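Student: One predicted model, sequence on top.
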Amino acid sequence: MSSATILVINEKQKSDLQGLIYRERPHLKVIHCENITDAEYHILADNIDLILMALHKRAPEELLFIQHTLEKNLAKKVILVSDQDELGNTLTALTQLPSEQLLAVLASNTPSTDRTRSLYKFAEPSTSVVRHSPFGLFDFKELIGESPEMQKLKKLLVKIAPTGTTILIQGESGTGKEVIARAIHAQSARSDEVFIPVDCAAINDSIIESELFGHSKGAFTGADRSTLGMIRSADKGTLFLDEIAELPLSMQAKLLRTLQERAVKPVGETKIYPVNIRIIAATNCNLTEAVKKGTFRQDLYYRLNAITIFAPPLREQRSDIPLLCNYFLDKLIKEGYPAKHFSESAMNALLAFDWPGNIRELENVVRGAITISHGDIMERDSLSFDHCQPKNDESVDNQQAASIASHEKDAIRKALNQTTGNRRAAAKLLGISEATLYRRLKIYNL
């Protein structure tokens, strides 16, 4: 069946149902909320097909919430049950229905089987009411996950995206910093304008000034025509500066002037051109430490650091791994791959791995598994990582860091072996930029 989203409002989350839901309904997304306040956020931010909730002594407050939800057409259906136990039983019953019957439950006015008829009743929104919400159109489709870390991130994006404030995104490689930046741009007043990503680490130092700020014809040898540069090309839109810490100090100074004056001076020109852009910068480095070492300008750091977003590493949002796997599998199926799903042992291995390459590495592992596996089920041996290090809550930070570094080195060695030393191909296989691979090779002395 196609994917659907059920919002469960439950003071005591039924975490034991997650395994059942994943096994029985891998395309069924279930969001748990402990209260109406959290539920209201998800109703605004997600496309909810069904709300499932128990009535309490606060029934008038809950009924008012349901009435508002239906009047605004923010959910297709609502199921009301009498207590918490019945809530869990209802969700279990829905999960175990045959696909066609579950579709009927989500689409029709009446319960579809005797098995669930006694457990719930429906209320439906009026079809004449137009859906309208200040955040109802916020597109989170590329930001997959319902872990506490991801929910916190989504709530922050809802607040800051409509502003024009400069934003700094910090996080490890592969955590989806560009995805976050694109989500911010898509929900901003600049959404109809261009989004231009720039990998500062991938541009040669000798041409980076021309690439960013543009140049006039004849400004240097080989400059046979004038160019706008990335900054002027992003005028009225958003400029995403990835790996900002890799900018040379001279370029940092010129970028600072551009941010302060909102103007650009191309190479070889005396004229200054005004620009209206929003800057979103990203780095996997600790810029505070870079400032202390003198490799990053303090004044530029303060200018970029108006709002800082931290992209959580995958090992801190392991509960999102099944959702991410389903998302990547859906993408691969659209590319022409056969429909498959992971066995329980394979999923356990995915949940246990430390993921030094984060979400990007997970996507590559999923792609590899669907490619080499036979049949409809992808087993543990189809996963292309050599170690599964279970999370150890008692381990200290430096032990965890050493473990992550060890996995990362192993992954790089394996990629280089598979590509017979071709660094560009190895970087593509790892899902990282070639510049990032070069830095890792230096760090690990490989």
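Tutor: Sure thing, it's come through.
Student: drop to CA atoms for contacts and neighbour counts, all remaining ones
Tutor: OK.
Student: Name the nearest residue to residue 311, ignoring sequence neighbours.
Tutor: Sequence neighbours aside, residue 171 is the residue nearest to residue 311 in space, at 4.9 Å (criterion: C-alpha to C-alpha, 6 or more residues apart in numbering).
Student: Now for the one you found, how many residues are close by?
Tutor: For residue 171, the neighbour count with other C-alpha atoms under 10 Å is 18.
Student: how near is it to residue 30?
Tutor: Plainly put, residue 171 is 27 Å away from residue 30 if you go by C-alpha to C-alpha, to the nearest Å.
Student: Following element in sequence after the host helix or strand of residue 198, please.
Tutor: According to DSSP states H and E, residue 198 maps onto strand 195-199. Using DSSP H and E, the next helix or strand after strand 195-199 towards the C-terminus is helix 208-213.
Student: what's the following helix or strand past that next one packed up against?
Tutor: Per DSSP H and E, the first helix or strand lying C-terminal to helix 208-213 is helix 229-233. Under the contact definition 3 or more C-alpha pairs under 8 Å, 6 or more residues apart in numbering; DSSP states H and E, helix 229-233 sits against strand 195-199, helix 208-213.
Student: Now do the helix or strand just after helix 229-233 against strand 195-199, angle only.
Tutor: Counting by DSSP H and E, the next helix or strand C-terminal to helix 229-233 is strand 238-242. Interaxial angle of strand 238-242 relative to strand 195-199 (axes from the mean of the first three to the mean of the last three C-alpha atoms, to 10 degrees): 20 degrees.
Student: Go through the helix or strand just after strand 238-242 and flag the buried ones.
Tutor: Using DSSP H and E, the next helix or strand after strand 238-242 towards the C-terminus is helix 249-261. For helix 249-261, burial by neighbour count (16 or more other C-alpha atoms under 10 Å) applies to 251, 252, 254, 255, 256, 258, 259.
Student: can you put the residues you listed in TSV and add distance to residue 310 and pLDDT?
Tutor: Below are the buried residues of helix 249-261 laid out as TSV (distance: C-alpha to C-alpha, whole Å; pLDDT from 0 to 100):
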residue	distance to residue 310	pLDDT
251	25	90
252	22	92
254	26	90
255	23	91
256	22	92
258	25	89
259	22	88
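Student: Find the least confident helix or strand in this protein, judged by mean pLDDT.
Tutor: helix 114-117 (a mean of 36; mean pLDDT, DSSP states H and E).
Student: Now tell me what touches stretch 171-190 from outside.
Tutor: 138-140, 142-143, 157, 160-164, 169-170, 191-192, 195, 197, 236-238, 240, 242, 280, 282-285, 310-314, 357-361, 431-432 (C-alpha atoms under 8 Å, 6 or more residues apart in numbering).
Student: Narrow those to those in helices?
Tutor: 157, 160, 358, 359, 360, 361 (DSSP state H).
Student: quick revisit: can you flag the buried ones in the contacts of stretch 171-190?
Tutor: 138-140, 157, 160-162, 169-170, 191, 195, 197, 236-238, 240, 242, 280, 282-285, 310-314, 357-361, 431-432.
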